[in-house]
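# Provided below are the primary sequence and the corresponding predicted coordinates.
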2 protein chains.
Amino acid sequence: MNSKITINDVAQALGVSKTTVSRAISGKGRIGNETREKVLSYIEQHEYKPSAVAKSLAESKTYNIGFVVPGAMSLMDMPFFQKCMFSITETASAFDYDVIISSTDGEDLSHLERLVNNHKVDGIILARTTQQDPCIRYLKSKRIPFVTIGTTTEPDVIQVDNDHFNACKELTSLLLLKGITRLGLIGSDKSHVVTRLRYDGFVAGYEALQMEPNYKEIFLDCNNMSSIERAVDEMLESDTQCIVCMDDYICRYVLNKLHREQVGIPQDIRVASFYDNVMQENDTATILPVTSIHFNIQEMAEAACRTLIDAIEGRDYQYKRLFGYNIILSNSTQSN
Amino acid sequence: MNSKITINDVAQALGVSKTTVSRAISGKGRIGNETREKVLSYIEQHEYKPSAVAKSLAESKTYNIGFVVPGAMSLMDMPFFQKCMFSITETASAFDYDVIISSTDGEDLSHLERLVNNHKVDGIILARTTQQDPCIRYLKSKRIPFVTIGTTTEPDVIQVDNDHFNACKELTSLLLLKGITRLGLIGSDKSHVVTRLRYDGFVAGYEALQMEPNYKEIFLDCNNMSSIERAVDEMLESDTQCIVCMDDYICRYVLNKLHREQVGIPQDIRVASFYDNVMQENDTATILPVTSIHFNIQEMAEAACRTLIDAIEGRDYQYKRLFGYNIILSNSTQSN
DNA sequence: CTGAAAGCGCTTACAG
DNA sequence: CTGAAAGCGCTTACAG
């Protein structure tokens, strides 16, 4: 209740116009140094806080951005989105923006539509891209600024992503150069763009060495335990030397399965992962270190947020940014 | 860009006043049936969407609520907060509110302060309570409506929680009645209110049967792997019959440790948990089913959100609500 | 350098 | 049942 003080109160108390007060605060427009100081110190002392809502209306800006996450996500996906979320709220608040959270369940965009239609946000960040992404189409049609975390082939979309393709390509080549040439691959939803990129990187890793993968040992759309374990079974029966998992979600199941089957790593079979989100958290005492790719999620999410704000505020920005990676070699892929 | 249409445009097009349009939309104030229909159908067809910001300013309401989560959280805590978040956004949007996400890092309330000072929210939900919670104190001083998910002893705070005390009491008594009387307890941060409640429930479970716990076998503030494993070591060297874990985070470490030490469950020692958040997700193939307590997080978070909105909108509400639980018995506590 | 005034797009007493 | 007008608390040409 102490905060009923408005710009008018300040102006009157100081015997100046609210124009002047406004200018002192925003720093826009010419104003005498002395006057500014006077206003600023009064504001400081009396804890005047401008109303964000009134500012919004006057500027037709909300200073809010929407962050859209998939409504259905597995345990393993949470660390990624969580990191994105924290990084984005942190970055946004540095620019005086707040983050409104929204979710989409497949084709159901109603949450997102509300946010956009009610003009509650100045822009949107999409936490993930899918093939034929309905969110992307919708947002384009609405002509609201947005950036995707993840790659899309849709034209004219601002996007920020990890360089999955090159990371996977390099890791694959690395394994091949170690003499581990019969690689099996397990991935999940083909509808996620990231799956496609990793797949392409995998194939490119072979091609870089004039080799070719064994397509029979590539299992996609494995998004539950049983399909993953079935893939492992098949690989164990064939001559696969190393199981390459597209993400740590899959990797976890694979390791468990191998453990139960008493298959030794790396003696009996090797394991690598294209993503290490959870596994580095030293949270999973069961799991041995696995050769994998490490991305800096925070940095990428921060870039997504900055880029969006640049777009909102009419500054220049890059349409597409790709972030680097580290490959972490562990003895799970020891070549002997 | 199709959305530049305002209430004025609608009024003019229809030859009525904007008062009338406003009334047709809000349903407040008297208005002729025919007029209302006319306005509504025009709005429908022309996709007029009122500006939330203008509405906010006129009503001095933002239709936003803030959701405050701890900035530092472990992997194991994520499912809980995630569930809360989804449940809250879902509930909020049913009442036409949006959710702004905010975080606090211990004593650093700057995010929260920005949110409150800029008047960007009508109320706040705190995702967790701690002893001497600085957020609670701050929010009380600001006289902004808020509800906590979690119990607090601070007076006059609207709170919603799971009934940890009775749940833990009952599970403890149950074990004792099975003849498993030498229980060891491992818990984490004493500064979290929930730790205290579970501890009290544990002791009360003994007292209900005129018994007393062995206080030497109670280990608190175990919030990393090594301290948990040390506790397990001590229990293995004593005559503890069952290790009771305060949450699934701890339970996971305990199970891993026992597994590595080749200690059989339940033959050699039994295991129970006061919380099953992650473990029920059938995500953790390694982990065997453990006797534990199950809460309905979604229901509780929804209640938190509804209660907050009731408070914001001046309706009646309950100061404190406790939600029930299920005890899930598994063979990890087989008494023979 | 400073101010009076119009405007952002709604809501809501008040009057009819 | 309907409308003219004031007001919510800011910003920003425009004029001086």
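On my side now, so go ahead.
# quick one: the strands in the stretch 1-150 of chain A?
With strands called from DSSP state E, counting those that start in this stretch, the stretch 1-150 of chain A shows them at A:64-70, A:98-104, A:123-126, A:146-149.
# in which helix or strand does A:G184 reside?
Per DSSP states H and E, A:G184 falls inside strand A:183-186.
# dump the C-alpha coordinates for that strand into PDB.
The C-alpha trace of strand A:183-186 is given here as PDB (Å, rounded to 0.1, in the frame of the first residue of the first chain):
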ATOM      1  CA  LEU A 183      28.400 -48.500 -34.800                       C
ATOM      2  CA  GLY A 184      24.800 -48.900 -33.900                       C
ATOM      3  CA  LEU A 185      22.600 -45.900 -33.500                       C
ATOM      4  CA  ILE A 186      19.500 -45.400 -31.300                       C
END
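# give me the sheet partners of it and which way each runs.
Applying DSSP bridges, strand A:183-186 is found paired with strand A:218-219 (parallel), strand A:242-245 (parallel).
# and after that strand, which helix or strand comes next?
Counting by DSSP H and E, the next helix or strand C-terminal to strand A:183-186 is helix A:193-207.
# which outside residues touch that next one?
With contact meaning CB atoms under 8 Å, 6 or more residues apart in numbering or on different chains, helix A:193-207 is reached by A:128-131, A:150-153, A:164-173, A:175-176, A:183, A:185, A:187-190, A:212-213, A:218, A:220, A:244, A:246, A:274. To be clear about C-beta, it is placed using only N, CA and C from the backbone, and glycine gets the same treatment.
# go again with 7 Å.
Helix A:193-207 is contacted from outside by A:129-131, A:150-152, A:164-170, A:172-173, A:176, A:185, A:187-190, A:212-213, A:220, A:244, A:246, A:274, using CB atoms under 7 Å, 6 or more residues apart in numbering or on different chains.
# go on, stretch A:155-164?
By CB under 7 Å, 6+ apart, stretch A:155-164 touches A:136, A:147-152, A:194, A:197-198, A:201, A:295, A:300, A:303-304, A:307, A:311, A:317, A:319-325.
# can you redo the strands paired with strand A:183-186 as JSON lines with mean pLDDT?
Compiled in JSON lines, the strands paired with strand A:183-186 are given as follows (pLDDT from 0 to 100):
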{"stretch": "strand A:218-219", "mean pLDDT": "96"}
{"stretch": "strand A:242-245", "mean pLDDT": "96"}
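# how about JSON lines for the ones you listed, with mean neighbour count added?
Supplementary listing: the strands paired with strand A:183-186 in JSON lines, determined by neighbours: other CB atoms under 10 Å in any protein chain shown:
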{"stretch": "strand A:218-219", "mean neighbour count": "19"}
{"stretch": "strand A:242-245", "mean neighbour count": "28"}
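# mind putting the ones you listed in CSV, distance to B:L112 included?
CSV is the format used below for these (distance: least, CB to CB, whole Å):
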stretch, distance to B:L112
strand A:218-219, 47
strand A:242-245, 40
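# could you list the single helix or strand in chain A with the lowest mean pLDDT?
Lowest by mean pLDDT, DSSP states H and E among the helices and strands of chain A is helix A:248-260, with a mean of 85.
# for A:I158, see how far away A:D310 is.
9 Å (CB to CB, to the nearest Å).
# who's more crowded, these two?
Counted by other CB atoms under 10 Å in any protein chain shown, A:D310 and A:I158 do not tie: A:I158 has more neighbours, with 21 against 17.
# what's the distance between that one and A:G123?
10 Å.
# between those two, which contacts overlap?
A:A311.
# contact partners of the strand holding A:G184?
The contact list for strand A:183-186 (CB under 7 Å, 6+ apart) reads A:172, A:175, A:202, A:213, A:217-219, A:222, A:228, A:231, A:235, A:240, A:242-246, A:250, A:254.
# if I look at whichever residue of the stretch 151-300 of chain A sits closest to DNA strand C, how far off is chain B?
Proximity of the stretch 151-300 of chain A to DNA strand C (CB to the nearest atom of the strand) peaks at A:I158, 25.5 Å away. Distance, A:I158 to chain B, by CB to the nearest CB, to the nearest Å: 18 Å.
# how many residues are close by the nearest residue to that residue once chain neighbours are set aside?
Computed as CB to CB, 6 or more residues apart in numbering or on different chains, the closest residue to A:I158 that is not its neighbour in sequence is A:V147, at 4.2 Å. When neighbours are defined as other CB under 10 Å, A:V147 has 27 of them.
# which residues are in contact with A:V147?
So A:V147 contacts A:125, A:158-160, A:304, A:307-308 (CB under 7 Å, 6+ apart).
# DNA strand D next: which of those residues are close?
Near DNA strand D, judged by CB under 7 Å from any atom of the strand, there are no entries from the contacts of A:V147.
# among those, which ones are in helices?
A:304, A:307-308 (DSSP state H).
# tell me the first helix or strand C-terminal of the least confident helix or strand of chain A.
Next along from helix A:248-260, by DSSP H and E: strand A:270-273.
# distance check, the closest residue to A:C305 other than its chain neighbours against DNA strand D.
Once flanking residues are discounted, A:C305 sits nearest to A:T91: 4.0 Å by CB to CB, 6+ apart. As judged by CB to the nearest atom of the strand, to the nearest Å, A:T91 and DNA strand D stand 22 Å apart.
# of all the strands paired with strand A:183-186, which one is nearest B:S56?
Smallest distance to B:S56 across those (CB to CB): 48.0 Å, for strand A:242-245.
# from A:D189, how far out is A:G32?
61 Å.
# ok, back up a step: which among the contacts of helix A:193-207 count as buried?
For the contacts of helix A:193-207, a burial check counting by 16 or more other CB atoms under 10 Å in any protein chain shown picks out A:129-130, A:150-152, A:164-170, A:172-173, A:176, A:185, A:187-189, A:213, A:220, A:244, A:246, A:274.
# show me those residues that map onto helices.
Those of the buried ones among the contacts of helix A:193-207 lying in helices (DSSP H): A:164-170, A:172-173, A:176.
# where do the contact lists of A:D310 and A:I158 overlap?
A:Y317.
# who in chain A is up against DNA strand D?
Residues of chain A lying near DNA strand D (CB under 7 Å from any atom of the strand): A:4, A:6-8, A:18-19, A:22-23, A:25-26, A:28-29, A:48, A:50-51, A:54-55, A:57-59.
# measure how buried A:V271 is and give me the count.
As a burial measure, A:V271 scores 22 neighbours (other CB under 10 Å).
# wait, isn't it in contact with A:I265?
Yes - contact status for A:V271 versus A:I265: in contact at 5.6 Å, counting by CB atoms under 7 Å.
# overlap of the contact sets of these two?
Joint contacts of A:V271 and A:I265 (CB under 7 Å, 6+ apart) are A:S332.
# and the least confident helix or strand of chain A, how far out from the chain's middle?
24 Å (CA atoms, centre = their mean, to the nearest Å).
# in that helix, what's buried?
A:248-259.
# and the angle from that helix to helix B:248-260?
If you take axes from the mean of the first three to the mean of the last three CA atoms, to 10 degrees, helix A:248-260 sits at 30 degrees to helix B:248-260.
# wait, does helix A:248-260 make contact with chain B?
Yes - judged by CB under 7 Å from any CB of the partner chain, helix A:248-260 and chain B are in contact via A:253, A:256.
# dump the ones in helices among the contacts of A:V147 into CSV; add pLDDT as well.
Output for the ones in helices among the contacts of A:V147, formatted as CSV (pLDDT from 0 to 100):
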residue, pLDDT
A:A304, 97
A:T307, 97
A:L308, 97
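# tabulate those residues (TSV), appending neighbour count.
Below are these laid out as TSV (neighbours: other CB under 10 Å):
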residue	neighbour count
A:A304	27
A:T307	23
A:L308	28
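# which single one of these is nearest to B:A208?
Comparing those against B:A208 with CB to CB places A:A304 closest, at 53.8 Å.
# contacting residues for that closest one?
Contacts of A:A304 by CB under 7 Å, 6+ apart are A:88, A:125, A:147, A:149, A:160.
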